[in-house]
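Novice: I'll drop the sequence and a predicted model, then ask my questions.
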Amino acid sequence: MEGINALNKTKHDMELCNNNDYDQFSFPKRPTVDINFQDITYTVNTITAAKKEILHGVSGEFRSGELTAIMGPSGAGKSTLLNILAGYTLKGCQGTICINGINRKSRIEQFLKMSCYITQDDELRPLLTVREAMMLAAHLKLGLSRSNAEKSKQVSYILGLLGLKKHENTRTSRLSGGQRKRLSIALELLTNPPILFLDEPTTGLDSVSTTSCVSLLKNLAGEGHTIVCTIHQPTASMFEMFDHLYAIADGDCIYQGSSSNLLPFLSSLSLHCPKYHNPADFLIEVAVGEYDSNIKSIAAAAAKHGRQESTPYSEEIIKEENGLPVRVLQTKKSPAFDIIEYTTCLAEPAPLWYQVFHLLHRNFIITRRSKLPLALRIFMHFVISVMFGIIYNNVGNNANSVFGNYIYVYGTNLFLHYTGQMAVTLSFPLEFKVLRREHFNRWYSLVPYCIATLLIEIPFQIICVVVYLVPSYLLTGQPLEWIRFLMFLMFTVAVCLTAQSFGFLIGATTPVTLAVFIGPVITAFLSVFGFAMKYNDIPSYLRVFYHVSYFRSSFQGSLMSLYGNNRSYLPCLENGFHGRNGYCHYTHPTKFLREMEFEDPNPVFDVSYIVSVCLLVYMCTATAIWYRLNKR
Ligand SMILES: Nc1ncnc2c1ncn2[C@@H]1O[C@H](COP(=O)(O)OP(=O)(O)OP(=O)(O)O)[C@@H](O)[C@H]1O
């Protein structure tokens, strides 16, 4: 019996997924999907802790094969509704959303796999060309289910379909607004998702680009997709292109139906559109209360009016009300298919190593193309190194300049801490927007993303440390012993990478305006402990910071690398020559270390501690990013 069921299921799956053939250079056929939502309310907490209801129990149905526009004045709740339907917002939302008649609640993961959400700001990687961006999306979204040749053909087909073939070698930063919008759509079309949500796809486009964008969406709807977009104020001709209109005012639905039925509906409420007036403008004017319109009574009429056309998942029945027969639409009990079955025809997700490989490849391309900022970063490390080397020339080999060397070591740690931290603190918030879009649309998971990012950032940061350390080490006259140099390098690399991990954490959790000073404040605070201050001089309630400061561990570890391990007597020089009286207080470096209370060196413990902090902060960062990506 089980065998027969399995056989039937396989047959059914094949029927669902049939024509999944890329050789035809066309979209694999997907089953159609209708969305039905009932009584959706959305409530947020305000600063005063009072609850604010933004959507007041809206209902409707968006069907496959239709281009639906959610319209309404600014602040009406269009984006809020779109976010809820797309699964982008889950918290604070009440009501029922059905996919082909089945409640979505227990199937949200499957739903997200078969839909895509294109945000208003086209978050693209500016340094990739159109084709590179498309190929990357193809590799990540189609995984190993297609050969490279098939992916390439599919990319060419979609670029041709969206009129981007001519621009395939153009960097995305150089595309026009309309081309960027089309590319955002093209990237998501690779898996041919049955549902597309678009937040204001025409905002910022000129009239020609707007028309071409809406025509494209209309064509996609014609292929069986369910396309839902929010729109501000379309022109009269564009307005007619929408198959279905869903109008919202102040959180209530004031109309749903075809665009051609809008004016008759409003007329039935004694709201007559002036002659030669754009119906879309008229709708907005009504929605903001002009023409003495009352939103609540229009919403009540719209709820009664509902959608008049039947759907494959609803049927028209005749009921008797007050002795009169009335037509009513009723959702069919048994859906055509469940989306759980649909997900059997989705491409297998790319394995982790494959995601890492392609994300790393992308990072390499981006790094190669951002030569100037990277070269500048390395160059500045070299310049500061030479400046330090000149200012603190030969202090490392002079008993008279031990304090100068002390400051050089402190400055080195501080400089590398700042550069390691700030470089990522400021860039990550920008990166996060693209990450959120790609992650939400199921391109990759967080682990491969983090691995691919760190595999580029960590070696680059190490290069910066080496570029800084080598010239300054030589110019400041530090001991020419490999072991001391490598220990010094180890501590400075460790502090720099820990600072980088903090930079990621701050960038991932705080807005840029706060991040720019939180990072330096933390650095300055941690760097005080252990610098020119004896342990007993620190107020007892602040001593905990002495112990937790990884900066202090690195600073002390760096000094130990240069002066510890039985360093021989230092020459006692005055202006580069042996002094006349021949007395230097710190001729023996151990004396200096003892006075500074650095007597019990434990470099293994110190470096292990710094590395542990670094790993802990990376784990916190990954958790914070995960939380932000999944906070819906
Ligand atoms: N988290 C929130 N806290 C408080 N108010 C919110 C929150 N989210 C949305 N709102 C409010 O809900 C209303 C609807 O916002 P929404 O972004 O959906 O409007 P919209 O119709 O898309 O407007 P626009 O066309 O200007 O983008 C607005 O008044 C907005 O201020």
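Specialist: The structure has been received and is ready for your questions.
Novice: Mind checking what secondary structure Ser74 has?
Specialist: The three-state label given to Ser74 by DSSP: H, G, I helix; E, B strand; the rest coil is coil.
Novice: Now do the contacts for the spatially closest residue to it that is not a sequence neighbour.
Specialist: Spatial nearest neighbour of Ser74, chain neighbours left out: His232 (7.7 Å); criterion: C-beta to C-beta, 6 or more residues apart in numbering. Every residue, glycine included, has its C-beta placed from N, CA and C. Contacts of His232 were listed using C-beta atoms under 8 Å, 6 or more residues apart in numbering, and they are Met71, Ser74, Glu200, Thr202, Thr203.
Novice: Looking at those, spot the one nearest the ligand.
Specialist: Minimum distance to the ligand across the contacts of His232 is 3.4 Å, recorded for Ser74 (C-beta to the nearest ligand atom).
Novice: Give the burial count for the closest one, as a bare number.
Specialist: 9 (other C-beta atoms under 10 Å).
Novice: One more: Gly177?
Specialist: Gly177 has 16 nearby residues by other C-beta under 10 Å.
Novice: got the contact list for it?
Specialist: Counting by C-beta under 8 Å, 6+ apart, Gly177 touches Gly204, Leu205, Asp206, Ser209.
Novice: hmm, 10 Å instead?
Specialist: Gly177 makes contacts with Asp122, Thr202, Thr203, Gly204, Leu205, Asp206, Ser209, Thr210, Cys213, as judged by C-beta atoms under 10 Å, 6 or more residues apart in numbering.
Novice: Surely the second one is in a strand?
Specialist: No: secondary structure assignment places Thr202 outside any strand; it is coil (three-state DSSP).
Novice: from what I can see it touches Val208, true?
Specialist: No: applying C-beta atoms under 10 Å, one finds Thr202 not in contact with Val208, separated by 11.3 Å.
Novice: who touches both of those two?
Specialist: Gly178.
Novice: Pick out whichever of the two has more residues nearby.
Specialist: Neighbour count, other C-beta under 10 Å: between Thr202 and Val208, Thr202 has more, with 28 against 9.
Novice: if I look at the residue nearest to Gly204 when sequence neighbours are not counted, how far off is Ile158?
Specialist: Excluding the flanking residues, the one nearest Gly204 by C-beta to C-beta, 6+ apart is Gly177, at 5.1 Å. Per C-beta to C-beta, to the nearest Å, Gly177 is found 19 Å from Ile158.
Novice: Same check on Gly143?
Specialist: Taking C-beta to C-beta, one finds Gly143 at 17 Å from Ile158.
Novice: more crowded one of those two?
Specialist: Shown here are Gly143 and Ile158; by other C-beta under 10 Å, Ile158 has more neighbours (25 against 17).
Novice: How far away from the center of its chain is the longest helix belonging to the chain?
Specialist: Longest helix in the chain, counting residues (DSSP state H): helix 402-440. Relative to the mean C-alpha coordinate of its chain, helix 402-440 is positioned 20 Å out (C-alpha atoms, centre = their mean, to the nearest Å).
Novice: need the residues of the chain near the ligand, please.
Specialist: 44, 46, 52, 54, 72, 74-80, 232 (C-beta under 6 Å from any ligand atom).
Novice: Double-check Phe551 against Thr412; I have them as touching.
Specialist: No: counting by C-beta under 10 Å, Phe551 does not reach Thr412; the two are 11.7 Å apart.
Novice: hey, what's in contact with both of those two?
Specialist: With C-beta under 10 Å, 6+ apart, Phe551 and Thr412 have common neighbours Val495.
Novice: Next one, pLDDT for whichever residue of the stretch 451-600 of the chain sits closest to the ligand please.
Specialist: Closest contact between the stretch 451-600 of the chain and the ligand, by C-beta to the nearest ligand atom, is at Pro511 (15.5 Å). Looking at Pro511, its pLDDT is 86.
Novice: The nearest residue in space to Ile378 that is not next to it in sequence: how many residues sit nearby?
Specialist: The shortest distance from Ile378 to any non-neighbouring residue, by C-beta to C-beta, 6+ apart, is to Val467 (5.4 Å). Using other C-beta under 10 Å, Val467 has 19 other residues around it.
Novice: and Lys534, how many neighbours?
Specialist: Lys534 has 10 neighbours, counted by other C-beta under 10 Å.
Novice: quick one, what contacts it?
Specialist: If a contact means C-beta under 10 Å, 6+ apart, then Lys534 has Glu595, Met596, Glu597 as its contacts.
Novice: Does Cys273 touch Leu266 like I think?
Specialist: Yes: counting by C-beta under 10 Å, Cys273 touches Leu266, with 6.8 Å between them.
Novice: and for those two, which residues touch both?
Specialist: Contacts common to Cys273 and Leu266, judged by C-beta under 10 Å, 6+ apart, are Pro279, Phe282, Leu283, Val286, Tyr291.
Novice: Flag whichever of those scores worst on pLDDT.
Specialist: The member of these with the lowest pLDDT is Tyr291, at 76.
Novice: what's the average pLDDT for stretch 180-188?
Specialist: The average of the pLDDT scores along stretch 180-188 is 88.
Novice: what bits of this structure have low per-residue confidence?
Specialist: Residues of the chain that meet the criterion pLDDT under 70 lie in 1-30, 49, 306-347, 575-583, 599-601.
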